[in-house]
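Colleague: predicted structure and sequence below. I'll ask about it afterward.
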Amino acid sequence: MTESIRGAAKRQESEGPARGVVEYDPAPDVAYPVRAIAGLALPGPLHSGHLATASAAAPPISVVDALRRQAIRRSSAAASMNLGNDHDDDSEMEEEEQKQEEEEEASWEGTAEKAGEMLVRWLGEKAGGGTNYTVAVCSGDIYIGKVSGVTKKAALMEELKTYITEKGIEVKWNILLCKSFNTSLGSNHAEMCVLAAIGEKELGKITFFKCTSKSCVYCAETLRHYRVTNSSPVGEAATQVGWAHPFKPIAFGSQMGGDKAAQVAELRAYHADTGAKLTIGKTIGTAPSGRCEKWLSSTS
Ligand SMILES: [Zn+2]
């Protein structure tokens, strides 16, 4: 490699395409080669070394080709000017969008269900697969549940509060935190905390119900029974040690032994007839009692 080529290549790295060095230029600036080949005087300050490199290395180019390239170059320059104008329009539109976004931040304009969907996604991203959260919308109120219940002091809640208020969701909808409903049992699943908090009579008004993780077979059966559409990730959660019913003093889970499918069949039979005797599932002493606290609202 000669010194001048190396120099040109280096310049290309630092300054972009080098004038006159056609073979290194993916989008050649054809002004100098065209003039040279068309027999026109070369304007300075082109270095003689560069000219030599260009002449030696440039592919043969006909005058017609050269003129055609010039024409293309002119039209692309014109296109660039148009692009410039378009860009100004884009900037104005972007400013307008930015303004709209800022207005949206002050007050959420979407539906409660859309807000619920965003909260599930946020919780899923923050919590990962470790802890299951449920978000539900019932009569326009947004309920948040977590396994064993959730309070405003729980992990992630302060951060979630910032997210919600930035979006202005609480301006339009109340946000309620669902607590555990059966204190005699640790197995208060997120889904059941939400059902218990909403209350059996109100379940028909649920318009959105989704968890960050898959629901277990007992929650799935209970949601089916109460006709709550569950939009949680498809599939079945891992085997659960314990599970408590949101409205009845009964419990299931692998700790009670027996086949999981047989347990679900028994729960299903119990739903159909609450007088049915449980053989695998257990009747527990404490009756469930759903509880929730109003966390965020436009009036709080
Ligand atoms: Zn469950």
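Modeller: That came through, no problem.
Colleague: around the ion, pick out the residues from the stretch 101-250 of the chain.
Modeller: Neighbours of the ion within the stretch 101-250 of the chain, by CB under 5 Å from the ion: 189, 216, 219. Any C-beta I mention is one placed from the backbone N, CA and C, and that applies to glycine too.
Colleague: got the confidence number for the second one?
Modeller: The predicted local confidence for C216 comes out at a pLDDT of 96.
Colleague: with the first one instead?
Modeller: In this model, H189 is scored at 97, pLDDT.
Colleague: tally of neighbours for the residue of the stretch 51-200 of the chain found nearest the ion?
Modeller: Going by CB to the ion, the ion is nearest to H189 of the stretch 51-200 of the chain, at 3.5 Å. Close neighbours of H189, defined as other CB atoms under 10 Å, add up to 26.
Colleague: that one contacts Y133, doesn't it?
Modeller: No - with contacts counted by CB atoms under 8 Å, H189 stays clear of Y133, the gap being 11.0 Å.
Colleague: what does stretch 246-254 rub up against?
Modeller: For stretch 246-254, contacts defined as CB atoms under 8 Å, 6 or more residues apart in numbering pick out 181-182, 185, 187, 192-193, 195-196, 200, 218, 222, 239-245, 260, 263, 266-267, 270, 274, 278, 280-288, 290.
Colleague: show me the shaky parts of the stretch 151-300 of the chain.
Modeller: Applying pLDDT under 70 to the stretch 151-300 of the chain picks out residues 300.
Colleague: swap in 80 and give it another go.
Modeller: Counting by pLDDT under 80, the ranges of the stretch 151-300 of the chain that qualify are 298-300.
Colleague: of the contacts of stretch 246-254, buried ones?
Modeller: Neighbour-count burial (16 or more other CB atoms under 10 Å) is assigned, among those, to 181-182, 185, 187, 192-193, 195-196, 218, 222, 240, 242-245, 260, 263, 266-267, 270, 278, 280-282, 284, 288, 290.
Colleague: in helices, which of the residues you listed fall?
Modeller: Within the buried ones among the contacts of stretch 246-254, residues falling in helices by DSSP state H are 192-193, 195-196, 218, 222, 260, 263, 266-267, 270.
Colleague: relative to E113, which of those residues is nearest.
Modeller: Of all those, E113 sits closest to L195, with 17.5 Å by CB to CB.
Colleague: since that was my last question, I'll sign off now.
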